[in-house]
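Student: Fold the following for me, if possible:
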Amino acid sequence: MLYFSRWKIYTIVAICVAGFVMMLPNFLGRDTLAHLPGWYAHSKVSLGLDLRGGSHLLLEVDMGAVIRDRVEGLVDGARQQLRTANVGYTAINPGERAVTVQLRDPAQADEAVKALRGLASPVGGTALGGGQPDLTVSADGNTVTAQLSEVALRDRATQAIEQSIEIVRRRIDETGVNEPTIARQGNDRILVQLPGVEDPDRVKRLLGTTAKMTFRLVDTNADPSTGRAPPGSEILPSAEGERFQTTYVIRKKVEVDGATLKNASASTNSQTGEWVVNFEFNSAGANRFAEITKANVGRPFAIVLDNKVISAPVIREPITGGRGQISGNFSAATANDLAVLLRAGALPAPLKVIEERTVGPDLGADSIRAGLTAVLVGFVMVCIYMIASYGLFGSFACFALLVNLVLTLAALSMLQATLTLPGIAGVLLSLGLAVDANILINERIREETRKGRGVFASMEAGFSRAYSTIVDSNLTTALKMALLFIFGTGAIKGFAVTITFGIMISMFTATVLVRLMMVTWLRRTRPAALPV
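Tutor: As a prediction, the model looks like this:
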């Protein structure tokens, strides 16, 4: 216990120096960091929402809209499948989770069932195939029902959440927010934390907009003023209000999906000076766009965004370049926001803000000062107590505490962790946990000295007898922190991680680093008695 080989000494010193080096980026300015390697410059602790200020949003995915979209798709698909199979029907009625078809001839029920089963998609399979169909099709007389299965509903809910998280992340990245926190919470909710955001309303608008854009033909044979649309069409309002036509009769069939867009950008029209949004399709979208415009010259072609008609220009000639322009009553801000939405992609379902908190930067600065003051005061008070109680050995423990702080910050920096107020509380509490080990060791050494044992024997017994108690204490604390991390959320997890790092590092600083300092002092001075 009281012997350190040269390589062990070098290893302990190297760990302490490496911790100091990895901690440094947190205290360097941007100009200095710009001249350092990227991996090193980015290895630093980020400030959380409660320290830096910003917005906290809890969003809920409208799962009902996801199911409705699937049911509406089944209606269109059922028409095509039954027409192809020459099965006559009188009505196709969409329900909450099913589509019901009324047949003219009950004898064609088996053919209708077979045709509708062709609309099923496999769910729950692997990349190599498999899975079960998402539809259960049954017949009862002249009624055929295609019902979405429970497996399909769960699968679509999972896909909707995952896709929504990805698109929310893209939209936020487009706004330039640094180090956002975007995570799934529960079955249908998304937690979004945006440190340093100065315009939370704009972010809410971007996240609350579905941005589902489609290109569809206008039904010129129907009059929207009647309030009734023929089968296969629907009446949609104009996004431009009273400037132009207020309602349109639009074909439900999507000719070109906005998902095939490759890029979108805002600019001004060189002739009119108005703000417009330029868009570009990928190869598949460009080919489809060219086919549709070629076959429908002279007909109005509507650009529909979230069930509102942005514009419905007449196709003058085939558009084969895969590029187009959206014009409307845009300002610079709305044009840029629309370009951001189109580049990021459409959400699979609307998002609703169910919780919102905003932390001002001034409050965040006050929290930082209060947290740092608490850590500093706690560190000083612990050091005063240790030096007053154990003298020189207490000062060794204080130096180990300082190294513990450095190594904890270095570990958080390497993980690029986010520091919050509970995290600072965890650092402060870990100081107390770390010094407990030194108190146990010093008390054991004091007991052995009172028994009349020699200097070397007392120190050897003090470390060996305290070690098992230190391990047991830290292990139980680590288990409690593991439970907090598993069952806690956000800030609670940060608290648990900080405490865990603190107790792991304290095992090194209290039982290895302090022992090295004590042994080095003991071998150099050869005292007759220990200063405890």
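Student: Name the residues of the lengthiest helix in the chain that are buried.
Tutor: Criterion DSSP state H: the longest helix present in the chain is helix 455-487. By 16 or more other C-beta atoms under 10 Å, the buried positions in helix 455-487 come out as 455, 458-463, 466-467, 470, 474, 477, 481, 484-485. Every C-beta, even on glycine, is put in place using the N, C-alpha and C of the backbone.
Student: elements contacting that helix?
Tutor: The contact analysis (3 or more C-beta pairs under 8 Å, 6 or more residues apart in numbering; DSSP states H and E) places helix 455-487 against helix 421-450, helix 490-508, helix 514-525.
Student: how far is that helix from where the chain is centred?
Tutor: 36 Å (C-alpha atoms, centre = their mean, to the nearest Å).
Student: follow-up on the earlier one: among the helices and strands packed on helix 455-487, which comes closest to Glu111?
Tutor: helix 490-508 (55.3 Å; C-beta to C-beta).
Student: And for the closest one, what's in contact with it?
Tutor: 15, 48, 50, 181, 191, 193, 404, 407-408, 411-412, 417-423, 425-427, 429-431, 433-434, 437, 470-471, 474, 477-478, 481-482, 484-485, 488 (C-beta atoms under 8 Å, 6 or more residues apart in numbering).
Student: next one: stretch 11-22
Tutor: So stretch 11-22 is in contact with 4, 43, 403, 406-407, 410-411, 413-414, 508, 512-513, 516, going by C-beta under 8 Å, 6+ apart.
Student: ok, back up a step: angle of the longest helix of the chain against helix 421-450?
Tutor: Compare the direction of helix 455-487 with that of helix 421-450 by axes from the mean of the first three to the mean of the last three C-alpha atoms, to 10 degrees and you get 160 degrees.
Student: Between helix 490-508 and helix 455-487, find me the angle.
Tutor: 160 degrees.
Student: element containing the spatially most central residue of the chain?
Tutor: In the chain, the C-alpha closest to the average C-alpha coordinate belongs to Ile182, at a distance of 2.1 Å (C-alpha atoms, centre = their mean). In the assignment (DSSP states H and E), Ile182 maps to strand 181-185.
Student: can you pull the buried residues of that strand?
Tutor: Those buried within strand 181-185 under the rule 16+ other C-beta under 10 Å are 181-182.
Student: Now it: average pLDDT?
Tutor: Strand 181-185 comes out with an average pLDDT of 84.
Student: elements contacting that strand?
Tutor: Looks like strand 181-185 contacts helix 150-175, strand 189-195 (3+ C-beta pairs under 8 Å, 6+ apart).
Student: possible to save the ones you listed as TSV with distance to Gly298?
Tutor: TSV is the format used below for the helices and strands packed on strand 181-185 (distance: least, C-beta to C-beta, whole Å):
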stretch	distance to Gly298
helix 150-175	36
strand 189-195	45
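Student: Burial-wise, tell me which of these comes out on top.
Tutor: Stretch with highest mean neighbour count among the helices and strands packed on strand 181-185: strand 189-195 (a mean of 22; mean count of other C-beta atoms under 10 Å).
Student: what's the distance between stretch 188-196 and the middle of its chain?
Tutor: On C-alpha atoms, centre = their mean, the centre of stretch 188-196 falls 7 Å from the chain's centre.
Student: that older thread, to Ala333, which of the helices and strands packed on strand 181-185 lies closest?
Tutor: helix 150-175 (11.9 Å).
Student: The closest one to strand 189-195, inter-axis angle?
Tutor: 10 degrees.
Student: now helix 150-175, how far from the centre of its chain.
Tutor: With C-alpha atoms, centre = their mean, you get 11 Å for helix 150-175.
Student: Likewise for stretch 203-215?
Tutor: For stretch 203-215, the distance to the chain centre is 18 Å (C-alpha atoms, centre = their mean).
Student: Residues touching that stretch, excluding its own?
Tutor: So stretch 203-215 is in contact with 55, 57, 59, 168, 171-172, 175, 177, 192, 194, 197, 254-258, 261, 289, 292, 301-306, 337, 340-342, 344-347, 349-353, 356, going by C-beta under 8 Å, 6+ apart.
Student: Present the helices and strands packed on strand 181-185 as JSON lines; the columns should include distance to Thr268 and mean pLDDT.
Tutor: JSON lines is the format used below for the helices and strands packed on strand 181-185 (distance: least, C-beta to C-beta, whole Å; pLDDT from 0 to 100):
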{"stretch": "helix 150-175", "distance to Thr268": "20", "mean pLDDT": "82"}
{"stretch": "strand 189-195", "distance to Thr268": "29", "mean pLDDT": "85"}
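Student: Out of those, which gets nearest to Thr320?
Tutor: Of the helices and strands packed on strand 181-185, nearest to Thr320 by C-beta to C-beta is helix 150-175, at 29.1 Å.
Student: other SSEs contacting the closest one?
Tutor: By 3+ C-beta pairs under 8 Å, 6+ apart, helix 150-175 packs against strand 54-61, helix 63-84, strand 122-123, strand 181-185, strand 189-195, helix 200-208, helix 332-344.
Student: Quickly, which of these bottoms out on average pLDDT?
Tutor: strand 122-123 (a mean of 72).
Student: Tell me the helix or strand right after that one.
Tutor: strand 132-133.
Student: and that following strand, how far from the chain's centre?
Tutor: For strand 132-133, the distance to the chain centre is 31 Å (C-alpha atoms, centre = their mean).
Student: I'd like to know how many residues surround Gly452.
Tutor: 8 (other C-beta atoms under 10 Å).
Student: I'd guessed Val218 sits against Val249; true?
Tutor: Yes: assessed by C-beta atoms under 8 Å, Val218 is found in contact with Val249 at 6.8 Å.
Student: circling back to that earlier point, Throw the helices and strands packed on helix 455-487 into TSV and include mean pLDDT and mean neighbour count, thanks.
Tutor: TSV is the format used below for the helices and strands packed on helix 455-487 (pLDDT from 0 to 100; neighbours: other C-beta atoms under 10 Å):
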stretch	mean pLDDT	mean neighbour count
helix 421-450	84	21
helix 490-508	84	21
helix 514-525	87	16
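Student: Quick one: closest of the ones you listed to Ile161.
Tutor: helix 490-508 (17.7 Å).
Student: now, among the buried residues of helix 455-487, which is nearest to Asn142?
Tutor: Proximity to Asn142 was ranked across these by C-beta to C-beta; first place goes to Phe485, at 58.5 Å.
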